[in-house]
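Engineer: Mind folding the following:
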Amino acid sequence: MPDTNKQPLSQPMTDFINRIEYYLPDNIVDCHSLDSAKPHWHVRNSLPKTGVRYLHHAAKDETTLQLAYKAATSALENIPQGELPDTLIVCTQTPDQMLPHVSACLQHELGLPSSTKCFDISLGCSGYCYGLSIAYGYMASGISKRVLLVTVDNYSKIIDPDNKTSYIIFSDGAAATILDKPACPPSFLMGTDGSRCGTIICNNSGIGPYTGTQGEEPVRPDFHMDGYSVYQFTLKTIPAEIRKLAEQAGTGMDGIDLFVFHQASQKVLESLCTKLKLPKEKVIIDLHDVGNTTSSTIPIAMKRAEEQGRLTRGDKIMLFGFGIGLSWSGAVLTY
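Structural biologist: Numbering: from 1, shown residues only. Below you'll find the model as predicted:
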């Protein structure tokens, strides 16, 4: 059945971000329930820092491709055949297989024509704005007319249930964004500090050497995050980059109507607000019943902010992601 509440597509060549839809798995973990299962974690004491009460975990047999498909089909609903995206970009770091690329499988599942340009990008929490910049470049150069950007990760499959630092923050999920060539070019800024690449790492997830006990067979990928180091990186590196982007865009910080940062944790977002002297009403903090969905946090937060009336067409917004790499990416655009 068509979703009669869904916003129609805006006119092409006007709005860059045309439509956002997202999918969160139905399986919900209430972090309060972990107090009885893992009393030594003291989860309720952590909630003011994480901001996450409810996590979404994909079912055991629910794949990354399936998560992506559910978000993408919602975004493509009611679009005429002649107006379908001609380019499909999938941003993920949890593909179901090393190859083929997720976008090829998704193109087939969605029934998009064989002329569709498809490729994946491997980025985490900075992935959304990287994806936006690539999509814009393709459209500005005339390679593409309309782009479908899908961000998706299935982190519950790579996080050990006994890994407190990561388990109580990350959710599975996907977001699908339909992009058109905008009337006003966005401003982008990216950066990477690869010297810190081991700060967030998933061992046993590629063809590199196995890091477990010699003689044992690899059982599953093993995700690790040095939360304190990531926090220090965020507060020392990201505020200056955010200010730099605002100046580059010609808006300055005061000219931004709404800041949508990567939803890393309550503490990270509140610390950024303090460091940047931003009023809380201009910053989205939306973790409580969603969790950290890596590259999908920004589009999900945008969609929910629009539904709540906090984000409206014509707003000048800054999007900024930061994380794995360690890397960062931002965009200033008119919504």
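
Engineer: contacts and neighbour counts: CA atoms only from here.
Structural biologist: Fine.

Engineer: What residues sit buried inside stretch 177-194?
Structural biologist: Neighbour-count burial for stretch 177-194 flags 177-182, 186-190, 192 (criterion: 16 or more other C-alpha atoms under 10 Å).

Engineer: contact partners of it?
Structural biologist: With contact meaning C-alpha atoms under 8 Å, 6 or more residues apart in numbering, stretch 177-194 is reached by 12-21, 75, 85, 129-130, 133, 135-136, 139-140, 145-150, 241, 245, 248-249, 299, 325-334.

Engineer: Just checking the distance from the regular element (helix or strand) spanning Leu333 to the centre of its chain.
Structural biologist: In this structure, Leu333 is located in strand 327-334 according to DSSP states H and E. Using C-alpha atoms, centre = their mean, to the nearest Å, the distance from the centre of strand 327-334 to the centre of the chain it belongs to is 12 Å.

Engineer: Relative to that strand, what are the paired strands and their orientations?
Structural biologist: According to DSSP bridges, the neighbouring strands of strand 327-334, each with its direction, are strand 187-192 (antiparallel), strand 316-323 (antiparallel).

Engineer: possible to save the ones you listed as a markdown table with mean pLDDT?
Structural biologist: Supplementary listing: these in a markdown table, determined by pLDDT from 0 to 100:
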| stretch | mean pLDDT |
| --- | --- |
| strand 187-192 | 98 |
| strand 316-323 | 98 |
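
Engineer: looking at these, which is closest to Ser114?
Structural biologist: Comparison of these against Ser114 by C-alpha to C-alpha identifies strand 187-192 as nearest, at 30.6 Å.

Engineer: Name every strand pairing with the next helix-or-strand element following the closest one and say which way it goes.
Structural biologist: Using DSSP H and E, the helix or strand that follows strand 187-192 towards the C-terminus is strand 200-203. The strands that strand 200-203 pairs with in its sheet are strand 222-225 (antiparallel) (by DSSP bridges).

Engineer: now the helices: where do they sit in the stretch 201-335 of the chain?
Structural biologist: Counting by DSSP state H, counting those that start in this stretch, one finds helices in the stretch 201-335 of the chain at the ranges 227-248, 266-276, 297-307.

Engineer: Report all helices and strands that the longest one contacts.
Structural biologist: So the one you mean is helix 227-248. Secondary structure elements in contact with helix 227-248, counted by 3 or more C-alpha pairs under 8 Å, 6 or more residues apart in numbering; DSSP states H and E, are strand 187-192, helix 266-276, strand 316-323, strand 327-334.

Engineer: okay, the angle between the longest one and helix 227-248?
Structural biologist: In other words, helix 266-276. Here helix 266-276 points in a direction 40 degrees away from that of helix 227-248 (axes from the mean of the first three to the mean of the last three C-alpha atoms, to 10 degrees).

Engineer: List the contacts of Asn163.
Structural biologist: Counting by C-alpha under 8 Å, 6+ apart, Asn163 makes contact with nothing.

Engineer: most packed of the helices of the stretch 201-335 of the chain?
Structural biologist: The highest mean neighbour count among these, using mean count of other C-alpha atoms under 10 Å, belongs to helix 297-307: a mean of 21.

Engineer: who's in contact with it?
Structural biologist: By C-alpha under 8 Å, 6+ apart, the list of residues contacting helix 297-307 from outside reads 20-22, 125, 128, 175, 177, 260-263, 284-286, 311-312, 319-321.

Engineer: Now the buried members of the contacts of stretch 177-194.
Structural biologist: Among the contacts of stretch 177-194, the ones that count as buried (16+ other C-alpha under 10 Å) are 12-13, 15-21, 75, 85, 129-130, 133, 135-136, 139, 145-150, 241, 245, 249, 299, 325-334.

Engineer: Give me the below-cutoff pLDDT ranges for this structure.
Structural biologist: Applying pLDDT under 70 to the chain picks out residues 1-13, 210-219.

Engineer: Tell me where the stretch 51-200 of the chain has strands.
Structural biologist: According to DSSP state E, counting those that start in this stretch, the stretch 51-200 of the chain carries its strands in the segments 54-56, 87-91, 117-121, 146-153, 173-180, 187-192, 200-203.

Engineer: Leu311 and Glu281, how far apart?
Structural biologist: According to C-alpha to C-alpha, to the nearest Å, Leu311 stands 11 Å off from Glu281.

Engineer: before we move on, what about Ile134?
Structural biologist: Ile134 sits at a distance of 30 Å from Glu281 (criterion: C-alpha to C-alpha).
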